[in-house]
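Participant: Sequence and predicted structure, then a few things I'm wondering about:
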Amino acid sequence: MNYDEIMTQLILHGGNARGAAYEALDEAEEYNFEKASELLEEANEEFLKGHKYQTQLIQTQDEQPVPSFFMIHAQDHLMTAQAELQLIKRMIEQLKMMEKLEKRIEKLEE
């Protein structure tokens, strides 16, 4: 796989990971935690696919010794996906706690 193809894969899988992570957050906001968990797993798998291409990038540094704008852009996609995935996981845990608290309040109000 050549340099440009690797960059394209980084962007593709980083974008897919972010998209699935945000879909998971949308589901969690509706308290659909099972679906959210499935989407988080999908996001994580996409990130890991991107990470494999990132490893290939490191191995092909001899081909392109000076970082290009394309490489910086591709790396940014993947690293942003990783950061957002971690943050969304924490947000979903907070939503789970919120649901529990809402249920407790409902019981107390009865």
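Facilitator: Great, that's in hand.

Participant: use CA for all of it now, contacts and neighbours both
Facilitator: Noted.

Participant: so where's this structure uncertain?
Facilitator: 61-65 (pLDDT under 70).

Participant: Show me which helix runs longest in it.
Facilitator: helix 69-109 (DSSP state H).

Participant: Please state the offset of it from the chain centre?
Facilitator: 10 Å (C-alpha atoms, centre = their mean, to the nearest Å).

Participant: Kindly report the same for stretch 45-62.
Facilitator: In terms of C-alpha atoms, centre = their mean, the gap separating the centre of stretch 45-62 from the centre of its chain is 15 Å.

Participant: buried residues in it?
Facilitator: E46, F47, L48, K49, G50, H51, Y53, Q54, Q56, L57 (16 or more other C-alpha atoms under 10 Å).

Participant: if we take these, which one ends up nearest to A20?
Facilitator: E46 (8.7 Å; C-alpha to C-alpha).

Participant: returning to that earlier point: which secondary structure elements does the longest helix of the chain sit against?
Facilitator: helix 3-29, helix 33-59 (3 or more C-alpha pairs under 8 Å, 6 or more residues apart in numbering; DSSP states H and E).

Participant: most tightly surrounded among those helices?
Facilitator: helix 3-29 (a mean of 21; mean count of other C-alpha atoms under 10 Å).

Participant: just to revisit the earlier point, for E109, find the nearest of the helices and strands packed on helix 69-109.
Facilitator: Going by C-alpha to C-alpha, the one of the helices and strands packed on helix 69-109 nearest E109 is helix 3-29, 22.9 Å.

Participant: now the closest one against helix 69-109, angle please.
Facilitator: Per axes from the mean of the first three to the mean of the last three C-alpha atoms, to 10 degrees, the angle that helix 3-29 makes with helix 69-109 is 10 degrees.

Participant: packing partners for helix 3-29?
Facilitator: helix 33-59, helix 69-109.

Participant: what angle sits between the first one and helix 69-109?
Facilitator: Orientation check (the same axes, to 10 degrees): helix 33-59 against helix 69-109 gives 160 degrees.

Participant: returning to that earlier point: and which of the buried residues of stretch 45-62 is nearest R90?
Facilitator: Nearest to R90 among the buried residues of stretch 45-62, with distances taken as C-alpha to C-alpha, is F47, at 17.0 Å.
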